[in-house]
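A.B. asks: Build the 3D model from these lines:
(6 chains)
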Amino acid sequence: MKRLSVIFNKAPYGSQAGRELLDIALMAAAFDMDISAIFIGNGVYQLLDKQQPDILQLKNHSPTFKALELYGIETILLEQEALAHRNMTEPQLLDVAELTDNATIQRHIQQSDFVFML
Amino acid sequence: MKRLSVIFNKAPYGSQAGRELLDIALMAAAFDMDISAIFIGNGVYQLLDKQQPDILQLKNHSPTFKALELYGIETILLEQEALAHRNMTEPQLLDVAELTDNATIQRHIQQSDFVFML
Amino acid sequence: MKSLYILNNPANLEQCLSAMAPDDALLLIEDAVLLCHQHTLHNSYILEEDLIARGFATKQSHWQAVDYPQFVQLTLQYDKTVTWL
Amino acid sequence: MKSLYILNNPANLEQCLSAMAPDDALLLIEDAVLLCHQHTLHNSYILEEDLIARGFATKQSHWQAVDYPQFVQLTLQYDKTVTWL
Amino acid sequence: MATFSLLVTASPHSSQGQYSALEFTKALLQQGHTLKRIFFYGDGVLVASRLNCPPSDEINLTKSWAKLAIEHDFELTVCVTAALKRGITNAAEADRNALTGDNLDPAYEISGLGQLTEAMLESDRLITFG
Amino acid sequence: MATFSLLVTASPHSSQGQYSALEFTKALLQQGHTLKRIFFYGDGVLVASRLNCPPSDEINLTKSWAKLAIEHDFELTVCVTAALKRGITNAAEADRNALTGDNLDPAYEISGLGQLTEAMLESDRLITFG
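C.D. replies: So this is what the prediction gives:
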């Protein structure tokens, strides 16, 4: 089974990157692949709990991160250094990702057959 | 007479910003304005002498910087800190800009009526 | 002349600050509101809508929150605006 | 598995390096060739066309210059590519 | 009361600047100020295509600008050079450049960069949204 | 000899990625490799408009891709979701979404994101140009 990693490294709403990358992950999940979602850098803002982009008349795609498991995407990694560096703590986030260190993420990317970023 | 500063802070060819900002400066020069062109940060790459974007099938807009004086744009400032920080020296550049320090550029922006960046 | 600087990308903060004169003010909008935890200048504002949209509470910010009507007023209180891109 | 990382924006260098494993290689293209003066990794390449287009000579670069045919070959020498955006 | 013009260079598809400009415009009009012109330049010109079709639960920026401009009588001006290279054209420019079709929304007009300089000189404030 | 596919998300108007992808494609074809599909996503879909009209002394990326795809028989596939929100449409999608006109260049086809996954699974290498 091919292993795919999608790496979120951009904050939401200033660009469409996060949302369009999420769509790639969901589509790939319909095929028989082992998919991981990895959040690093400003990508950790994608997982903030209380997002309200409806006030910008944009759709809130963050609830879909909570549904990733239903789509068979069970590996969700969050770089703890990125969180600490941004003065953020785990309780501010959606409870979906496993906190891990940079070295683990590096190994995970290394072992993937495909890697997508947007 | 209104004073306009256009600030180039992006490298050429990875984006159209430099070229489109140059077009704003040239158009404004047709009106009766006191125009300055200011190069800071990665904008100093706009003035590299031996650009050959024709190999990317793009037009080389850098010769136009040499013609700015003909358009009545006589103040062309280059931030010397930006040059040093990039391991670049004046002989690598088109001979059009006056090297100056960040404090002078700050004052110049402060005294402008309008400032454009792209 | 005093300027209102408008910043929409957090990656551009440092260069923007280096261009600002002491009496100038800075307004964070769009993705730049992610800088809300950073230490502030004396005249520093943040667009409330963009902060809330991204999941932050106004009280989490060290910057003075403004709404769009106040944003318009700020542009008139200063002699010019500089959108730092 | 060994990866070829492709970088097109100089601002993303640091984050890209932090994701790379020791055996991975890095190829600079587009605006990322502006990093040509920086110190290099052991497997580090730079796209010659993009370097020359911007006004640099190949000899000014500390990175190994490659052309497009070599770029294609590099993508096959490594197990996968990662375009770091 | 003051006169404003806006320079909008933000892509409507991959940045938030068009929305910020729109909200800023609504706020200034509500305060009784005058808006002379929105000048679209760079990727900002992409908003002028009547073929833009965002998801139904999101804002349609093309139509939002058009509605506001008609209600409050200000100009939506698209730079011709920036527009043509980005595939935004009206029937006249399509004809001149041998293009098959056009896509400019009727609330927008195509003009030259001089309209930006004019807006700058004839407004109390010119605000850029990029 | 290997089979390649490309994912192109770079804007044709404000980045260099489309050009890099085109040159990469030419080089791989010259070496005798096979190209299955170019999948355009994000701002990359903007290249598929036949109304794109760059200055005459610069490359026309829309036509360059079309020419190469016809000569070498590979697919230029545009993601339908990304395309519609960015104002790129063919006649069928225009009809379905009540849009007045269309602008898709005939060398390109509109399809779903599944075509990207398929390309990934059926190619030896999938290279992204963003």
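A.B. asks: Distance check, the residue in chain C that chain D sits nearest to against chain A.
C.D. replies: With CB to the nearest CB as the measure, residue C:11 is the residue of chain C nearest to chain D, at 6.4 Å. All C-beta spots, glycine's among them, are computed from the backbone N, C-alpha and C. Applying CB to the nearest CB, to the nearest Å, the value for residue C:11 to chain A is 9 Å.
A.B. asks: mind listing what that residue touches?
C.D. replies: Taking CB atoms under 8 Å, 6 or more residues apart in numbering or on different chains as the contact definition, residue C:11 lies against residue D:11.
A.B. asks: do that again at 10 Å, thanks
C.D. replies: The contact partners of residue C:11, taken as CB atoms under 10 Å, 6 or more residues apart in numbering or on different chains, are A:42, C:31, C:32, D:11.
A.B. asks: can you check residue E:1 too?
C.D. replies: C:76, E:28, E:31, E:32, E:33, E:34, E:124.
A.B. asks: Now intersect the residues you listed with the helices, please.
C.D. replies: C:76, E:28 (DSSP state H).
A.B. asks: Residue A:84 belongs to a helix?
C.D. replies: Yes - under DSSP: H, G, I helix; E, B strand; the rest coil, residue A:84 sits within a helix.
A.B. asks: just to revisit the earlier point, in PyMOL, select just the buried ones from the contacts of residue C:11.
C.D. replies: A single PyMOL command is used to select the members of the contacts of residue C:11 judged buried by 16 or more other CB atoms under 10 Å in any protein chain shown:
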select buried, (chain A and resi 42) or (chain C and resi 31+32)
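A.B. asks: and the end-to-end length of stretch A:27-45?
C.D. replies: 23 Å (CA to CA, to the nearest Å).
A.B. asks: what's the offset of that stretch from the middle of its chain?
C.D. replies: 6 Å (CA atoms, centre = their mean, to the nearest Å).
A.B. asks: now check that stretch, is it near chain E?
C.D. replies: No - shown here: stretch A:27-45 not in contact with chain E (CB under 10 Å from any CB of the partner chain), separated by at least 13.7 Å.
A.B. asks: Phi, psi for the residue of chain A found nearest chain E please.
C.D. replies: Chain E sits closest to residue A:57 of chain A, with a gap of 3.7 Å, by CB to the nearest CB. The phi and psi values for residue A:57, taken as degrees, to the nearest 10, are phi 60, psi 40.
A.B. asks: Grab the nearest non-local neighbour of it.
C.D. replies: Nearest residue to residue A:57, sequence neighbours excluded (CB to CB, 6 or more residues apart in numbering or on different chains): residue E:59, at 3.7 Å.
A.B. asks: What's the end-to-end length of stretch E:115-130?
C.D. replies: Per CA to CA, the first residue of stretch E:115-130 is 18 Å away from its last.
A.B. asks: is that stretch anywhere near chain C?
C.D. replies: Yes - contact of stretch E:115-130 with chain C (CB under 10 Å from any CB) involves E:124, E:125, E:126, E:127, E:128, E:129, E:130.
A.B. asks: where's the last one relative to chain B, distance?
C.D. replies: Taking CB to the nearest CB as the measure, residue E:130 falls 7 Å from chain B.
A.B. asks: burial count for that residue?
C.D. replies: Using other CB atoms under 10 Å in any protein chain shown, residue E:130 is surrounded by 26 other residues.
A.B. asks: Redo the contacts of residue C:11 as a markdown table? Include secondary structure and pLDDT.
C.D. replies: Converted to a markdown table, these look like this (DSSP: H, G, I helix; E, B strand; the rest coil; pLDDT from 0 to 100):
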| residue | secondary structure | pLDDT |
| --- | --- | --- |
| A:42 | helix | 98 |
| C:31 | helix | 98 |
| C:32 | helix | 98 |
| D:11 | helix | 96 |
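A.B. asks: Chain F: which of the contacts of residue C:11 is nearest?
C.D. replies: After measuring those against chain F - CB to the nearest CB - the closest member comes out as residue D:11, at 13.6 Å.
A.B. asks: how near is that closest one to residue B:40?
C.D. replies: Distance of residue D:11 to residue B:40, computed by CB to CB, to the nearest Å: 15 Å.
A.B. asks: and if you look at residue E:98?
C.D. replies: Residue E:98 is 41 Å from residue B:40, by CB to CB.
A.B. asks: Same check on residue C:27?
C.D. replies: Taken as CB to CB, the span from residue C:27 to residue B:40 is 21 Å.
A.B. asks: ranges for the strands of chain E?
C.D. replies: Listed in chain order, the strands of chain E (DSSP state E) span E:3-8, E:34-40, E:75-79, E:109-111, E:125-129.
A.B. asks: Please enumerate the helices of the chain.
C.D. replies: Went with chain A since none was named. A:17-29, A:62-66, A:80-85, A:102-110.
A.B. asks: Actually, chain E is the one I wanted.
C.D. replies: Under DSSP H, chain E gives helices at E:17-30, E:61-72, E:80-85, E:91-96, E:114-122.
A.B. asks: For residue D:36, find the nearest of these.
C.D. replies: Closest to residue D:36 of the helices of chain E is helix E:80-85 (CB to CB; 29.2 Å).
A.B. asks: Please name every helix or strand in contact with that closest one.
C.D. replies: Packed against helix E:80-85, as judged by 3 or more CB pairs under 10 Å, 6 or more residues apart in numbering or on different chains; DSSP states H and E, are the following elements: helix B:17-29, helix E:91-96, strand E:109-111.
A.B. asks: Relative to chain D, which of those is closest?
C.D. replies: Here helix B:17-29 is closest among those (CB to the nearest CB), at 11.2 Å.
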